[in-house]
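Q: Test case, fold it:
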Amino acid sequence: MRLWVCIALLSTVLCASADRPGVVQGLIRAGQFVRDAAGGTRDMLRAYLDMREANYIGADKYFHARGNYDAARRGPGGAWAARVISDAREGLQSFSGRGAEDTRADQEANAWGRNGGDPNRYRPKGLPSKY
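A: Okay, here's the model as predicted:
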């Protein structure tokens with residue numbers, strides 16, 4: 001009986017420390033990427049909803065930077081989602097006639113947050129501390 005218990009424990013230790021096949025590792029990384037991307041999308045949505053709720057003039061760059069920052073902190077999938085969403089948003093806004101200068105400033109804030117910069121760089125004075 002003790003021999004079988006020892007064999008079972010040894011097998012468990014060996015299996016736990018064995019390398020996973022490449023296909024399994026790839027699936028795990030893909031799943032992590034998708035999970036990060038979904039979380040990054042939620043972060044971007046939360047920043048957008050906060051921006052709409054705050055309705056504070058001059059705070060859009062802060063919320064752009066904050067959404068990208070939060071999303072990118074999740075990992076490569078979150079950074080990818082932030083880049084795709086930011087580029088799509090700025091692409092759509094370019095048709096609204098807001099101007100190239102505003103789009104360039106928004107993209108700068110997006111990149112700043114995505115690259116780990118402190119979003120508070122763009123925080124306007126007087127914005128409620130809730131945000």
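
Q: Could you list the low-confidence segments of this structure?
A: For the chain, the stretches flagged by pLDDT under 70 are 1, 3, 5-20, 97-98.

Q: which residues of it fall in helices?
A: Taking DSSP state H to define them, one finds helices in the chain at 2-17, 22-54, 60-72, 76-93, 100-114.

Q: out of those helices, nearest to residue 129?
A: helix 22-54 (11.2 Å; CB to CB). Heads up, the C-betas are built off the backbone N, CA and C, glycines and all.

Q: Point out the most buried one among the helices of the chain.
A: helix 60-72 (a mean of 25; mean count of other CB atoms under 10 Å).

Q: Residue 122: which of the helices of the chain is closest?
A: helix 60-72 (4.0 Å).

Q: For that closest one, enumerate the helices and strands it packs against.
A: helix 22-54, helix 76-93, helix 100-114 (3 or more CB pairs under 8 Å, 6 or more residues apart in numbering; DSSP states H and E).

Q: got the angle between the shortest one and helix 76-93?
A: In this structure, helix 100-114 runs at an angle of 170 degrees to helix 76-93, with axes from the mean of the first three to the mean of the last three CA atoms, to 10 degrees as the basis.

Q: May I have helix 100-114 exported as PDB, CA atoms only?
A: Written as PDB, here are the backbone C-alpha positions of helix 100-114 (Å, rounded to 0.1, in the frame of the first residue of the first chain):
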ATOM      1  CA  ALA A 100      -6.500  67.300 -37.300                       C
ATOM      2  CA  GLU A 101      -4.900  69.100 -34.300                       C
ATOM      3  CA  ASP A 102      -7.500  67.700 -31.800                       C
ATOM      4  CA  THR A 103      -7.100  64.200 -33.300                       C
ATOM      5  CA  ARG A 104      -3.300  64.400 -33.000                       C
ATOM      6  CA  ALA A 105      -3.600  65.500 -29.400                       C
ATOM      7  CA  ASP A 106      -6.000  62.700 -28.600                       C
ATOM      8  CA  GLN A 107      -3.700  60.200 -30.200                       C
ATOM      9  CA  GLU A 108      -0.800  61.600 -28.200                       C
ATOM     10  CA  ALA A 109      -2.800  61.100 -25.000                       C
ATOM     11  CA  ASN A 110      -3.800  57.600 -26.100                       C
ATOM     12  CA  ALA A 111      -0.100  56.600 -26.800                       C
ATOM     13  CA  TRP A 112       1.000  58.200 -23.500                       C
ATOM     14  CA  GLY A 113      -1.400  56.100 -21.500                       C
ATOM     15  CA  ARG A 114      -0.800  52.900 -23.500                       C
END
